[in-house]
Structure formats: C-alpha cells, structure tokens
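[1] got a predicted structure plus its sequence, pasted below:
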Amino acid sequence: MLDRLGKYHVIKEIGRGAMGVVYLGHDPFLDRDVALKRARHSDFRDAEQQRLYRNLFFNEMRTAGLLRHPNIIEVFDAGNEDDEYYIVMEYVPGATTLDEHCQADHLLPVQQAAEVVFKCAQALDYAHRNGVIHRDIKPSNVLVGDDGRIKVGDFSVALLTDPLIRETQLMDPVGSPLYMSPEQLKDEPVTNQSDLYALGVVMFELLTGHHPFPASNLPALTQRVLNDAPIALERYRPDVPSSLANIVARALQKDLADRYSTALEFAADLSQSFSELVHPEEGIGSASRVDRLRCLSFFQALRDAEIWELLRWARWEEVAPGEAIVSEGEQGNAFYVVVSGTVVVMKGTTPVVELGEGQCFGEMAYLAHGIRTATVSATDAVTVLRMNVELIERATLACQVQFQKVFIETLVERLEQTTEALAHAGTA
C-alpha cells in the first residue's frame with residue numbers, strides 16, 4: 001500500500017469506488033487528518049476511457065473546489081504523484097453514507113430524516129447559486145459523520161453552468177438511473193430542478209426504505225418514471241405527517257412547472273413541516289422560533305423562507321439578567337437582534353439607550369469588523385439572535401438583499417435614537 005501522496009502521509013484505505021480509492025491521510029504541516037482520493041484511471045487500458053476518466057476527476061476537483069459550505073465536503077488541495085492524480089478533502093470521522101438508512105429495517109426517525117434532507121437542500125441551494133448542478137444526488141453521495149454532520153460529496157459529474165467552462169465537463173447523460181429525473185431519462189437539458197427530483201427520491205427512500213418507482217430493470221423503471229405516479233408514501237409509512245408526504249410528492253413531479261423551482265423552496269417547506277415533528281416537551285423548536293421572529297419588527301419585511309434561512313445561520317442565545325452580551329473595547333463582527341426582554345447600551349458608565357424586542361445592536365462592529373464602542377447588558381432575562389457576517393454571506397442573494405435592506409433601515413433608526421439620547425445626556 002502507498003505510504004505517501006505528495007506531502008501527505010497515507011494511513012489506511014477507507015473506501016473504494018469506480019472513480020478511485022479513498023485513504024485516510026494526514027497533513028503534517030497543518031497537523032490534521034484528511035481524506036485522500038486517488039484516481040484509478042490507469043486501471044483502464046483504453047485511451048479514450050482514460051481521457052474521460054481524467055476529465056471526470058478534474059471536474060470534481062474544479063467544482064468541489066468552488067464550494068465552501070458546512071454541508072458540502074470541502075476540497076483542500078489536489079496533486080499529481082507519478083502520473084497518479086489525487087484530491088485532498090475534508091475527513092469526516094466515522095462517516096457512513098445514507099445507503100444503510102434507506103433500508104426498511106434501518107430507517108431514521110422521521111424528524112431526523114427530514115433534517116438530513118433539509119441540510120442536503122441547503123447544500124444544493126448553495127451549489128446552485130454558485131453555478132453548480134450536482135447531477136448525481138443519491139444516498140451513497142451523502143455522508144453522515146459520527147457527530148451527525150451531513151456532507152454532500154462526489155461532484156465528479158457535476159455541471160458548471162458557466163458557458164465558458166466546457167473542456168473537462170461530460171455533456172452526455174450522466175447520473176444513477178434510480179435517481180434520474182424524467183428530463184434526464186429523456187435526454188433533455190438538466191437544470192437545478194433535476195437535483196431536486198433526485199433529492200425527492202432520496203427523501204422517499206429515507207422515510208420508507210423503498211423506491212417510489214419499484215421496477216425490476218431499467219426499461220421498466222424508465223417507463224414508470226415517465227408515465228406512472230409514484231407509490232403513495234403512506235402505503236409504506238402511515239405515521240409520516242402529511243406535510244412531509246406533500247413535500248416528497250412535489251419534489252417528484254414530472255412537470256417542471258409543478259416541481260420545486262429552487263432548493264430554498266424545498267428547504268422552506270421542510271421548515272414548515274417541523275412544527276408537526278417537534279414535541280412541546282423538547283423545548284422550543286425551529287418552527288416555533290420562526291413564529292417568534294415573524295412577530296418582530298426587524299423580520300416583518302422578510303418572507304418565511306428567508307427568516308428560516310437566517311435562523312439556520314444564526315445562533316439563538318439566552319442571557320441572564322445583568323450579564324454582558326458584548327463589551328466595550330472587544331473585537332467583534334456579529335450583531336444581535338433582541339427576541340425577548342430588554343438590554344441597556346452603556347458608553348463607559350453612562351446608560352445610552354434601552355432596546356427591546358425586535359431591535360438590534362452591534363451594527364458598527366458587524367459592518368467594520370472593528371472594536372466594540374459600547375457595552376450591552378441584559379436588564380432582565382433576554383433572548384437574542386446572534387448573526388455573523390461570514391454566515392450571512394452564505395444566504396441566498398434574495399435573502400441577503402432583503403436582510404441588508406432591513407438592516408440599513410434599522411441602523412438609521414438606531415443612529416437617530418442614539419444621537420437624540422446623547423444630546424439629552426449632554427444637556428442634563
């Protein structure tokens with residue numbers, strides 16, 4: 001077995017597939033474990049097969065390297081060692097694929113399955129917005145870490161929508177037939193909606209352990225996908241809430257006009273279904289948090305999908321009375337929205353203003369990544385939503401535009417309030 005690829009130590013083989021062998025490796029310079037995927041194009045004697053294989057490998061290097069998202073396997077590096085190409089990727093400890101959870105005797109709890117699909121939808125939304133269509137979404141291309149992290153991987157047949165990039169892309173029909181959309185089976189143009197159809201099939205399998213179009217061979221499968229309605233999800237899993245069944249049904253629509261148009265839409269519907277899955281005794285769930293935020297002035301101009309998206313990137317924090325949330329003089333790049341309770345803004349020892357539900361603070365540090373110019377403390381039990389610049393930038397463009405509009409309007413209002421309060425303090 002290999003003991004080194006480039007600068008990386010090879011520890012052991014951890015996986016093998018048609019595209020290559022995956023090893024657990026170690027980066028001695030950054031002192032971290034990595035996954036090393038080595039191409040196996042030398043296994044093919046035919047020159048044309050080798051060329052195609054190399055192109056697919058380069059395609060994965062390029063497309064995955066464009067993407068940085070918590071639910072997409074990150075690519076760190078790539079290299080060539082004695083004409084053997086390799087990719088250096090994020091290592092996910094204890095990772096298994098979704099394959100085992102698509103078996104009827106090994107299903108995840110319904111809520112957990114819905115959360116897995118939600119994270120996949122978030123990953124696809126990010127990829128699509130960055131001009132990448134995966135084209136091969138299936139259970140074996142989604143990893144589940146031992147800490148519960150969900151990672152979408154294998155972008156070897158992904159399509160870059162940039163018309164200037166074509167030389168290493170496979171333009172022929174690609175993908176796994178079980179997860180191909182009707183338009184793929186008919187050799188029609190592939191779009192982001194093709195990925196959403198595939199995710200709908202994965203969701204059906206995660207919830208039932210069965211395929212929505214059971215068939216014994218490829219011609220029969222093709223006929224059923226193109227002409228028949230999917231098997232009713234309730235037939236296999238009657239305990240699944242109707243909201244989830246409806247989401248699967250929409251994702252599997254044959255007509256693109258009836259299918260989800262974006263992964264964000266898919267994720268937003270999943271978020272709404274969570275209210276049927278979270279039990280009150282388990283504390284406030286995400287759907288309940290969306291309901292609370294919707295009532296606050298800061299969020300009233302945002303759509304439910306945008307609120308849900310912001311909530312996924314933000315931190316929900318509880319603060320005890322008297323506790324400082326931010327302190328004057330410290331570095332910061334996050335800002336906060338008061339969800340409940342009251343906070344006081346202090347300049348030195350002078351109270352400047354009190355803020356209540358729906359108001360925000362920390363705007364200047366958020367804008368300038370600078371030093372906090374005031375201390376903000378809870379006057380009673382407070383709940384705040386903390387938002388960070390880098391995470392907000394991962395939201396959809398539509399969400400960012402709406403968020404920035406509300407943010408600027410709120411900032412202007414806050415500056416007026418602060419100016420007025422300082423003027424009063426100066427004449428007192």
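    That came in fine, so what should we check first?

[2] C-alpha from now on. contacts and neighbour counts both.
    Will do.

[3] would you map the strands across the stretch 251-400 of the chain?
    315-319, 324-326, 334-340, 343-347, 350-355, 360-361, 375-378, 382-388 (DSSP state E, counting those that start in this stretch).

[4] average pLDDT for the shortest one?
    When you say that, I think you mean strand 360-361. The average pLDDT for strand 360-361 rounds to 86.

[5] how distant is it from the center of its chain?
    When distances are taken as Cα atoms, centre = their mean, to the nearest Å, strand 360-361 is centred 27 Å away from the chain's centroid.

[6] tell me the strands beside that strand, with direction?
    Note on strand 360-361: by DSSP bridges, its sheet partners are strand 334-340 (antiparallel).

[7] ok, now the first one?
    Here strand 315-319 has these sheet partners by DSSP bridges: strand 382-388 (antiparallel).

[8] taking strand 343-347 as reference, get the angle to the partner strand.
    With axes from the mean of the first three to the mean of the last three Cα atoms, to 10 degrees applied, the angle from strand 382-388 to strand 343-347 works out at 60 degrees.

[9] quick one: pLDDT of Arg16?
    For Arg16, the pLDDT comes out at 77.

[10] which residues does it form beta bridges with?
    According to DSSP bridges, beta-bridge pairing links Arg16 with Val21.

[11] for the record, mean pLDDT for stretch 307-326?
    Looking at stretch 307-326 alone, the average pLDDT works out to 84.

[12] first to last residue in it, what's the distance?
    24 Å (Cα to Cα, to the nearest Å).

[13] check contacts around Gln331.
    Ala365, His369, Gly370, Ile371, Arg372 (Cα atoms under 8 Å, 6 or more residues apart in numbering).

[14] max pairwise distance over these: which two?
    Using Cα to Cα, the two most remote members of the contacts of Gln331 are His369 and Arg372, lying 9.1 Å apart.

[15] now do the shared contacts for those two.
    Common contacts of His369 and Arg372 (Cα under 8 Å, 6+ apart): Gln331, Gly332.

[16] who's more crowded, these two?
    Using other Cα atoms under 10 Å, the more surrounded residue of His369 and Arg372 is Arg372, with 20 against 14.

[17] thought the more buried one was touching Ser327?
    Yes - judged on Cα atoms under 8 Å, Arg372 makes contact with Ser327 at a distance of 6.6 Å.

[18] how far is stretch 73-86 from where the chain is centred?
    25 Å.

[19] before we move on, what about stretch 245-257?
    Here the centre of stretch 245-257 is set off from its chain's centre by 21 Å, with Cα atoms, centre = their mean.

[20] and what of stretch 102-110?
    That offset, for stretch 102-110, works out to 22 Å (Cα atoms, centre = their mean).

[21] how about that stretch: buried residues?
    Buried positions in stretch 102-110, judged by neighbour count with 16 or more other Cα atoms under 10 Å: Cys102, Gln103, Ala104, Leu107, Leu108, Val110.

[22] endpoint to endpoint, that stretch covers what distance?
    End-to-end distance for stretch 102-110, by Cα to Cα: 12 Å.

[23] output the lowest mean pLDDT helix or strand found in the protein.
    Lowest on mean pLDDT, DSSP states H and E among the helices and strands of the chain sits helix 47-65, with a mean of 66.

[24] any idea which helix or strand comes after that one?
    strand 75-81 (DSSP states H and E).

[25] what helices or strands is that following strand leaning on?
    When contacts are defined as 3 or more Cα pairs under 8 Å, 6 or more residues apart in numbering; DSSP states H and E, strand 75-81 packs onto helix 47-65, strand 84-90.

[26] give the partner strands of the shortest one in its sheet and their orientations.
    Spelled out, that is strand 84-90. strand 32-39 (antiparallel), strand 75-81 (antiparallel).

[27] convert the C-alpha atoms of the shortest one to CSV, please.
    C-alpha atoms of strand 75-81 as CSV (Å, rounded to 0.1, in the frame of the first residue of the first chain):
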residue,chain,number,x,y,z
VAL,A,75,-11.6,20.2,-1.1
PHE,A,76,-8.3,21.4,0.3
ASP,A,77,-5.8,20.5,-2.3
ALA,A,78,-5.0,18.4,-5.4
GLY,A,79,-1.8,17.0,-6.9
ASN,A,80,-0.1,14.6,-9.3
GLU,A,81,2.2,11.9,-8.0
